[in-house]
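Enquirer: okay, here's the prediction I keep looking at, along with the sequence it came from:
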Amino acid sequence: MRLPGATYLAAACIILAGLSAGAPQCRAETLVAALSQETVFIRSNFTGASLTLFGAIERDASTVGRSGTYDLVSVVRGPNEWPVVRRKQQFSGIWLNRDSVRFRGIPTYYAVQSNRSLSLVADEALLQRYEIGLTNLSFQPAQPVMEAERLVFSTALIRLRLTNGLFSEAPSGVSFLNEHVFSTRIRLPSNITTGPYLIELYLFRDGALLARENLNFGVRKTGFEAFVFEASQEQPLIYGLGAVAIAIGLGWLAGLIFRQS
Amino acid sequence: MAMCPGVRPARARAQTSSMEVYLPIAEITVNALTIFGMGAAVGILAGMFGIGGGFLITPLLIFTGISPAVAVATGANQVIASSVSGMLAHWRRNAVDRDLGLVLLAGGMIGAAIGVYAFRVLRQLGYLDTVIALFYVVFLGIIGSLMMFESMRAIIRRKHGRPLSLRRPGAHSWAERLPLKMRFKRSKLYISIFPVMGLGGAVGLLSAIMGVGGGFIMVPAMIYLLRVPTNVVIGTSLFQIVFVAAFTTLMQAIMNGTVDVVLATMLMIASVLGAQIGVQAAQKLKADELRALLALLVLAVCVRLVLRLITTPDEAFSITAIAGGMFA
């Protein structure tokens, strides 16, 4: 693991906090967690990133003793988008995009991690309510479409996102270091969207939701990449003129150098 | 790129597997050596044959996984660099008909504007990739076949020791009967501006949709259609190409935001260096056999594109993201 020292310190503090008695006013379990990185920077050599999350389940003296073990689920969501899913069909010998369905507010990144299979953690209704799990993510079409079509296109979207690593579901992605302390790794592929990311932590026991906790991190382009991207978005005229100037300059320079030699 | 001052050594070691470069507009990571290699290879061919190479770079970029929209717009940017030094050389030799070039340019800008707008609409409808591929198949197919035919004929003639008969264009053409005539002193022409603007417009449209300079259409059309004297054809064609490509790049950046300046710069550096090697190499090789080879290459790219269009795709579905849903 490549973690800065401060993160180890933070993790150690959380573990200690988890082991010691919590604040007296707590009536039930609470979750505390910390992330190895608050911001992920996309630079020219970006090939993906990996974040580590450490957390602990805090209990106080008055917490009722329960049977069974804790289950922890982590749901990471990237910024929302309105994706258009298109289907290629053969048209006079050529394959081209024909039908399409547009969905409202689908996360660009969605990763569910748990310490065991979601079906063992809680029942379907509860998972659906919190949109935990790929099958429970809601896909609302932007325009009315037939239910069968909606299903075909949303399934395709999930499959494509799974293939490029933007959607994932790991039933053993959360590991408990002891009864109260857990950790999980968030893997971000190189094609992630920039913006705010949300981590939702859910604590279950015997199928009941005991506690929730949210964390945030951001993905930003930085340095030269950020400068180029922002210029192309916010100052397209200047960006375009710059692109033309570089090309003219390079062409002219090449002519100059190779004419003299 | 070497421009990342804040990279901590530990991160750099872990993340830089070799020469991976993140392209900010294409939004993917590519291997810099692949891009440089492609740019250099196309540059060598461009130098050998005196072509811009845009019609080879764009399909190659698409084959590496860069979206056709970015490949085409970036191709137009690259065309400027590969044409500007040639244009300047012709300009110094007074081999540019400025008036003719400006009329061609006027047509070219109209064509490019229509092309960039069509590009935007086709992209929204999801047909852009297919239309780009179809344009390439048609043009590469025609050019490849013509070049192959012509070079085979030249090889046969050379082997039989017969000289090539130079075709002289006829004295009259339909272009001379159109109204709104204009005098082009440098070319010693008195012709209607309609065919001139029409030619410029057609090339401008191709520049926007295919990301090419269009010299492969411009040069023969100027010689056979407009009867422009051969000593000013190349210079005037390059003059028009530089400005139309610049205009297209600007329009693509403003309307579609698909010009990747990092990708373009890598391609430009590689291709201008490659072009110098190509120019040297061309002097040592037989021209007609070289043209036959280029024709083979063009036809191979064409076949590859045809296969992409007609074979059943592994994945019929694709996702186009419109972040935030602003352009509903």
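Expert: Looks like it came in fine.

Enquirer: mind listing the helices for the stretch 151-300 of chain B?
Expert: Counting by DSSP state H, counting those that start in this stretch, one finds helices in the stretch 151-300 of chain B at the ranges B:193-210, B:215-224, B:230-255, B:261-282, B:287-310.

Enquirer: let me have these in CSV, adding mean neighbour count and mean pLDDT as columns.
Expert: Yep, even glycine has a C-beta here, placed from its N, CA and C like the rest. Formatted as CSV, the helices of the stretch 151-300 of chain B follow (neighbours: other C-beta atoms under 10 Å in any protein chain shown; pLDDT from 0 to 100):
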stretch, mean neighbour count, mean pLDDT
helix B:193-210, 24, 92
helix B:215-224, 20, 84
helix B:230-255, 25, 91
helix B:261-282, 22, 89
helix B:287-310, 17, 87
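
Enquirer: what residues does the stretch 151-261 of chain A have near chain B?
Expert: Residues of the stretch 151-261 of chain A that fall close to chain B, judged by C-beta under 8 Å from any C-beta of the partner chain: A:153, A:156-157, A:159-161, A:190-191, A:193, A:221-226, A:228-229, A:232-233, A:236-237, A:239-244, A:246-248, A:250-252, A:254-256, A:258-259.

Enquirer: go again with 6 Å.
Expert: By the criterion of C-beta under 6 Å from any C-beta of the partner chain, the positions of the stretch 151-261 of chain A lying close to chain B are A:156, A:160, A:190, A:223-225, A:228-229, A:232, A:236-237, A:239-240, A:243-244, A:246-248, A:250-252, A:254-255, A:258.

Enquirer: now a PyMOL select for only the buried ones of those.
Expert: Selection of buried members from these for PyMOL, criterion 16 or more other C-beta atoms under 10 Å in any protein chain shown:
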select buried, chain A and resi 156+160+190+223+224+225+228+229+232+236+239+240+243+244+246+247+248+250+251+254+255
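
Enquirer: so which of the residues of the stretch 151-261 of chain A next to chain B sit within helices?
Expert: A:156, A:160, A:223-225, A:228-229, A:232, A:236-237, A:239-240, A:243-244, A:246-248, A:250-252, A:254-255, A:258 (DSSP state H).

Enquirer: residue 82: how many residues sit nearby?
Expert: Defaulting to chain A. Counted by other C-beta atoms under 10 Å in any protein chain shown, the residues lying close to residue A:82 total 19.

Enquirer: that was the other one, I meant chain B.
Expert: Residue B:82 has 33 nearby residues by other C-beta under 10 Å.

Enquirer: quick one: contacts for it?
Expert: B:46, B:52, B:271 (C-beta atoms under 6 Å, 6 or more residues apart in numbering or on different chains).

Enquirer: which bits of the stretch 51-200 of chain B sit near chain A?
Expert: Near chain A, when you scan the stretch 51-200 of chain B using C-beta under 6 Å from any C-beta, you find B:77, B:80, B:81, B:84, B:85, B:88, B:126, B:130.

Enquirer: flag the least confident of these.
Expert: For these, the weakest pLDDT value sits at residue B:85, with 81.

Enquirer: check which helix or strand that residue maps to.
Expert: helix B:68-92 (DSSP states H and E).

Enquirer: what comes up buried for that helix?
Expert: Counting neighbours by 16+ other C-beta under 10 Å, helix B:68-92 gives B:68-88, B:90 as buried.

Enquirer: cool, stretch A:206-215 as well?
Expert: Judged by neighbour count using 16+ other C-beta under 10 Å, the buried positions of stretch A:206-215 are A:209, A:210, A:211, A:215.

Enquirer: cool, stretch B:101-116 as well?
Expert: B:101-113, B:115-116.

Enquirer: need the contact partners of it.
Expert: So stretch B:101-116 is in contact with B:193, B:196-197, B:200-201, B:203-205, B:207-209, B:236, B:239-240, B:243-244, B:247-248, B:251-252, B:255, going by C-beta under 6 Å, 6+ apart.

Enquirer: extract the CA atoms of that stretch and return them as CSV.
Expert: Coordinates of each C-alpha in stretch B:101-116 appear next as CSV, following Å, rounded to 0.1, in the frame of the first residue of the first chain:
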residue,chain,number,x,y,z
GLY,B,101,-6.5,31.0,-53.4
LEU,B,102,-8.7,33.6,-51.7
VAL,B,103,-11.8,32.7,-53.9
LEU,B,104,-11.1,29.0,-53.2
LEU,B,105,-10.8,29.9,-49.5
ALA,B,106,-14.1,31.7,-49.5
GLY,B,107,-15.8,28.6,-50.8
GLY,B,108,-13.8,26.5,-48.4
MET,B,109,-15.0,28.4,-45.4
ILE,B,110,-18.6,28.0,-46.4
GLY,B,111,-18.0,24.3,-47.0
ALA,B,112,-16.2,23.8,-43.7
ALA,B,113,-18.9,25.7,-41.8
ILE,B,114,-21.6,23.5,-43.3
GLY,B,115,-19.4,20.4,-42.5
VAL,B,116,-18.8,21.3,-38.9
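
Enquirer: list the helices and strands the longest strand seen in chain A packs on?
Expert: Assignment by DSSP state E gives strand A:208-221 as the longest strand of chain A. Judged by 3 or more C-beta pairs under 6 Å, 6 or more residues apart in numbering or on different chains; DSSP states H and E, strand A:208-221 is in contact with strand A:30-35, strand A:39-42, strand A:195-205.

Enquirer: 8 Å - rerun?
Expert: For strand A:208-221, the packing partners by 3 or more C-beta pairs under 8 Å, 6 or more residues apart in numbering or on different chains; DSSP states H and E come out as strand A:30-35, strand A:39-42, strand A:49-58, strand A:195-205, helix A:223-234.

Enquirer: in JSON lines: the ones you listed, plus mean pLDDT.
Expert: Formatted as JSON lines, these follow (pLDDT from 0 to 100):
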{"stretch": "strand A:30-35", "mean pLDDT": "92"}
{"stretch": "strand A:39-42", "mean pLDDT": "91"}
{"stretch": "strand A:49-58", "mean pLDDT": "93"}
{"stretch": "strand A:195-205", "mean pLDDT": "95"}
{"stretch": "helix A:223-234", "mean pLDDT": "88"}
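
Enquirer: ok, which of these comes nearest residue A:177?
Expert: strand A:49-58 (8.6 Å; C-beta to C-beta).

Enquirer: can you report phi and psi for residue B:120?
Expert: Taking degrees, to the nearest 10, you get phi -60, psi -50 for the backbone angles of residue B:120.

Enquirer: wait, it sits on residue B:255?
Expert: Yes: between residue B:120 and residue B:255 there is a contact at 5.5 Å, judged by C-beta atoms under 8 Å.

Enquirer: name the SS class of residue B:51, please.
Expert: At residue B:51 the chain is in coil, as set by DSSP: H, G, I helix; E, B strand; the rest coil.

Enquirer: contacting residues around the residue nearest to it when sequence neighbours are not counted?
Expert: Excluding its sequence neighbours, the residue lying closest to residue B:51 (C-beta to C-beta, 6 or more residues apart in numbering or on different chains) is residue B:215, at 6.3 Å. By C-beta atoms under 8 Å, 6 or more residues apart in numbering or on different chains, residue B:215 lies in contact with B:51, B:52, B:83, B:237, B:238, B:241.

Enquirer: any idea how far residue B:215 lies from chain A?
Expert: Distance, residue B:215 to chain A, by C-beta to the nearest C-beta, to the nearest Å: 15 Å.

Enquirer: try residue B:153
Expert: Residue B:153 is 32 Å from chain A, by C-beta to the nearest C-beta.

Enquirer: try residue B:67
Expert: Distance from residue B:67 to chain A, by C-beta to the nearest C-beta: 12 Å.
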